[in-house]
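J.: Starting from these lines, generate the structure:
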Amino acid sequence: MATYIALLGCFLVCFLAYVDGLTPSCTSVRTKYIAKGLLQSDVPAKAVSDSSLKVCSASSESCCSKRMEDSFAGLAKSEFKVALIAKTDNLKSIFAINGKVFDVFFQKLIKNSERDLNTMFLKTYGNFYKDHAKVFVDLFLSLTQYYQGKNLDLTQVMNNFFANLMKQMFQLMNSKYKFENSYLDCVTQHMDDLKPFGDEKQKLTVQVKRAFVAARAFVQGLNVGSSVLKQLQEISATNECEKEITKLSFCSWCQGQTDLKPCPTFCTDTYKTCFSNLNGVNAAWNSYVTALLDLSGKFEGPFSIESVINPLGVKISFAIMNFQEKHLEVAKKIFTGCGTPTTLAKTKRSSDDSDFFIDEPGKIRREVKQHDPSSATPTLSTMNLGKITKKFKEQIKPAKEFWQNLPSNICTAPKSSSDSANCWNGTAVGKYTSPGDSENNIDSSLSSSRDKVEQQVAVLKAMTHRLTAALSGEDVNVVGGDTDGSGDGSGSASGESGDGNDITSPPTVFPTTEDNSIDDNMLGGGASNDGGNTLGKRNMDSNAQTLNAMNALLFIMLAFVYVNLRWS
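T.: Predicted structure coming up:
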């Protein structure tokens, strides 16, 4: 009899040791919890049953308390923000940096073109250019102001330039007459009919408008992309999102599993839920990126800003030569239409005029040809636009479908487990089955970020409209456009929106364990209860399995003792 009692005692000791081994150890949980800057007193000394748990509820003993669960919600909110910023910062930088690169290039191109024109015209036209340089200075001033955002009509800018140039040239080539301002106004009224500059005026006007509209819209578009990303980084996690991230990353702690990573699909489904209010952004964003890429293609060919602005002085000089060669015909028709002006006293041709008149037509054309940048061997500076455009197109590839792919991008390894069968599925270790997109949505109308998201969608659509119009050389205003001439979106790229995105407050920076990264441990666990779980059923209930195993072992032990006592 004593033998059987000893045997029974041995079984009981083994059974109790087994049961104790099934109870989660809270030591690692306490260490991890304190490392997050939270109170040690929140963590139970040993696993307990706590019916007050709502998100991480369990049918057996747990290492979590209600105060811990409340703290997990705060950690989940921060984790959402960290994940969002970490996965959008790189793309935001791509837009901001390229905005600056293209802006610096375009502004330098305009300045270099003005410098080259000044050098060439001083050599070619001498005193005529010195005396009338303001006409050209005003042209480049207007072009620069337009590019930098001023609300100007480029067609009118070019018309004004050629009208002023025609006045100066007409007076110079008919210097024996005295012209009143009213007469000169009549002269310019015949410009379109007489075409004193040949086809150069019309061709140059079209080319300049297309080039500058494309360049300005493109840089503004880059700045808007950066600004939209910055604004969307500020959206907050909804209460439902906080619950789902708590289940994903922290509920596993309640079972003593502080280093267990979530199943990849579970992680993706969780962030699909959290980003459901961004569903409307993806389509608008894709259209915007497509329009931006299409417009960048305009930086090659006859309407590229580089191929227009670089040889601008040469093109203007050809227009001047056209006028010189037909000035007698033009003067005759103007005298017929506007009347014969008053003749001045007879004077010798001024030495100031001698540089302007062509005694040898071929000579000045050869001289101008020497200054034509388009005929020169390409240098590093003239090749830069193609180079930076190609680089931009390569960098921008991840931008397509960016918002749709954001959940899966956040959940790539090592943030989630690489083993889809041995990972945290929300309630236990095991395979996770996705419930489908229909259960991953939160009513976005309840989101506190709804207005911000809708505003950014509107900004993207407006900018897409401008970019699309720029493909045809048309200029349109977007949200925040200038109506007083002070600027409708600066071409100058500062990395912020220069074109219509009026939300410019800096993004909120939430505390994190690492700079712009997600702590692996923050994505290391989670649990669920049926109430409020929009991500579906978890396949394995380890608590139920544990109870079944304990009951079976107890039954075997009692049966063994009974049989031995019965036959003793």
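
J.: contacts and neighbour counts: CA atoms only from here.
T.: Noted.

J.: distance between the helix or strand that contains Q220 and the chain's centre?
T.: In this assignment (DSSP states H and E), Q220 forms part of helix 200-232. Computed by CA atoms, centre = their mean, to the nearest Å, the chain-centroid distance of helix 200-232 equals 16 Å.

J.: Can you tell me which helices and strands that helix packs against?
T.: Based on contacts counted as 3 or more CA pairs under 8 Å, 6 or more residues apart in numbering; DSSP states H and E, the elements that helix 200-232 packs against are helix 66-125, helix 133-147, helix 154-173, helix 279-296, helix 305-309, helix 312-325, helix 450-471.

J.: got the buried residues for it?
T.: By 16 or more other CA atoms under 10 Å, the buried positions in helix 200-232 come out as 200-201, 204-232.

J.: cool, and stretch 450-463?
T.: For stretch 450-463, the neighbour count (16+ other CA under 10 Å) marks K452, V453, Q455, Q456, V457, A458, V459, L460, K461, A462, M463 as buried.

J.: Then stretch 82-96?
T.: For stretch 82-96, by 16+ other CA under 10 Å, it's 82-88, 91-96.

J.: Strands along the stretch 251-400 of the chain, start to end?
T.: Along the stretch 251-400 of the chain, counting by DSSP state E, counting those that start in this stretch, strands occupy 342-343.

J.: What ranges does it have for its helices?
T.: 264-274, 279-296, 305-309, 312-325, 327-338, 351-354, 361-370, 380-395 (DSSP state H, counting those that start in this stretch).

J.: Alpha carbons of the first one, as PDB, please.
T.: What follows is the C-alpha trace of helix 264-274 in PDB, where atoms were taken according to Å, rounded to 0.1, in the frame of the first residue of the first chain:
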ATOM      1  CA  PRO A 264       3.100  38.400 -42.100                       C
ATOM      2  CA  THR A 265      -0.500  38.300 -43.400                       C
ATOM      3  CA  PHE A 266      -1.800  39.100 -40.000                       C
ATOM      4  CA  CYS A 267       0.400  42.200 -39.900                       C
ATOM      5  CA  THR A 268      -0.700  43.200 -43.400                       C
ATOM      6  CA  ASP A 269      -4.300  42.900 -42.600                       C
ATOM      7  CA  THR A 270      -3.900  44.900 -39.400                       C
ATOM      8  CA  TYR A 271      -2.300  47.800 -41.300                       C
ATOM      9  CA  LYS A 272      -4.900  47.600 -44.100                       C
ATOM     10  CA  THR A 273      -7.400  48.200 -41.400                       C
ATOM     11  CA  CYS A 274      -5.400  51.100 -40.100                       C
END
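
J.: Point out the other helices and strands that it packs with.
T.: Where contact means 3+ CA pairs under 8 Å, 6+ apart, helix 264-274 is packed against helix 239-249, helix 402-410.

J.: Can you tell me what sits against it?
T.: 237-238, 240-241, 244-245, 248, 407-408, 410-412, 416-418, 420, 425-426, 432-434, 437, 440-442, 535 (CA atoms under 8 Å, 6 or more residues apart in numbering).

J.: returning to what we had before: could the buried residues of stretch 82-96 be laid out in JSON lines, adding pLDDT and distance to K387?
T.: Compiled in JSON lines, these are given as follows (pLDDT from 0 to 100; distance: CA to CA, whole Å):
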{"residue": "V82", "pLDDT": "96", "distance to K387": "34"}
{"residue": "A83", "pLDDT": "96", "distance to K387": "33"}
{"residue": "L84", "pLDDT": "96", "distance to K387": "31"}
{"residue": "I85", "pLDDT": "97", "distance to K387": "30"}
{"residue": "A86", "pLDDT": "95", "distance to K387": "29"}
{"residue": "K87", "pLDDT": "95", "distance to K387": "27"}
{"residue": "T88", "pLDDT": "97", "distance to K387": "25"}
{"residue": "L91", "pLDDT": "97", "distance to K387": "20"}
{"residue": "K92", "pLDDT": "98", "distance to K387": "21"}
{"residue": "S93", "pLDDT": "97", "distance to K387": "19"}
{"residue": "I94", "pLDDT": "97", "distance to K387": "16"}
{"residue": "F95", "pLDDT": "98", "distance to K387": "16"}
{"residue": "A96", "pLDDT": "98", "distance to K387": "18"}
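
J.: centre of the chain versus stretch 410-427, how much separation?
T.: Distance of stretch 410-427 from its chain centroid, counting by CA atoms, centre = their mean, is 29 Å.

J.: for it, which positions count as buried?
T.: By neighbour count on 16+ other CA under 10 Å, the buried set for stretch 410-427 is I410, C411, K415, S416, S417, S420, N422, C423, W424, N425, G426, T427.

J.: so of these, which ones are in helices?
T.: Counting by DSSP state H, the buried residues of stretch 410-427 place I410 in helices.

J.: So which of the buried residues of stretch 410-427 is the closest to T258?
T.: Set against T258, the nearest of the buried residues of stretch 410-427 by CA to CA is W424 (10.6 Å).

J.: Hmm, the closest one is touching Q257, no?
T.: No. Between W424 and Q257 there is no contact under CA atoms under 8 Å: 9.1 Å.

J.: thinking again about what came up before, what about the helices of the stretch 251-400 of the chain, which gets the closest to F402?
T.: Nearest to F402, of all the helices of the stretch 251-400 of the chain, is helix 279-296, at 7.2 Å by CA to CA.

J.: what packs against the closest one?
T.: Using 3+ CA pairs under 8 Å, 6+ apart, helix 279-296 sits against helix 200-232, helix 402-410, helix 450-471.
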